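Asker: Whatever this is, show me its structure:
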Amino acid sequence: MEIIHTPAAPEAIGPYSQAIRHGDLVFTSGQIPICPETGLLAGDEIGAQAEQVMKNVQAVLEAAGSHPDRAIKTTCFLASMDDFAQFNAVYAKYFTKKPARSCVAVKTLPKNVLCEVEAIAEL
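Answerer: Here you go, the predicted model:
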């Protein structure tokens, strides 16, 4: 088991790793729309936030030696299902191989963001 860390994605805001590489798989922690360069949220609307989340997930996967095209499963959390279509439009640009996915609305996300995504990918 190996802990993955990259400055190209935001630092963890709690006692966890950005990802863990185990065997031939990488398991990312949920990524929220924080810009790693500034530590600030990437806008206040779903399009900008989803774009930053996908960039963060991609950065963590690449740091582990993988890529969104190698994703097996993602879990997506939305603050509102009203954002589902806009979120999907951004998601589809990054996860072109269509991994298995769960997408749920939750009451609240860290820092009151609009979306969060975690992934499991092969190396």
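Asker: can you give me the strands for this protein?
Answerer: For the chain, the strands defined by DSSP state E occupy 2-4, 19-22, 25-28, 71-78, 100-105, 115-122.
Asker: need those strands in CSV with distance to residue 38, mean neighbour count and mean pLDDT, can you?
Answerer: Yep, even glycine has a C-beta here, placed from its N, CA and C like the rest. Output for the strands of the chain, formatted as CSV (distance: least, CB to CB, whole Å; neighbours: other CB atoms under 10 Å; pLDDT from 0 to 100):
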stretch, distance to residue 38, mean neighbour count, mean pLDDT
strand 2-4, 22, 14, 97
strand 19-22, 22, 18, 98
strand 25-28, 21, 22, 98
strand 71-78, 23, 19, 98
strand 100-105, 27, 12, 98
strand 115-122, 18, 23, 98
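Asker: Can you give me the neighbour number for the nearest residue to residue 67 once chain neighbours are set aside?
Answerer: Excluding the flanking residues, the one nearest residue 67 by CB to CB, 6 or more residues apart in numbering is residue 61, at 5.7 Å. Using other CB atoms under 10 Å, the number of residues around residue 61 comes to 28.
Asker: Just list what the helix ranked longest in the chain packs against, helices and strands only.
Answerer: Longest helix of the chain, by residue count under DSSP state H: helix 46-63. Where contact means 3 or more CB pairs under 8 Å, 6 or more residues apart in numbering; DSSP states H and E, helix 46-63 is packed against strand 19-22, strand 25-28, helix 84-94, strand 115-122.
Asker: wait, what's in contact with the closest residue to residue 8 other than its chain neighbours?
Answerer: Leaving aside its sequence neighbours, residue 8 sits nearest to residue 59 (CB to CB, 6+ apart; 3.8 Å). Neighbouring residues of residue 59 by CB atoms under 8 Å, 6 or more residues apart in numbering: 6, 8, 9, 36.
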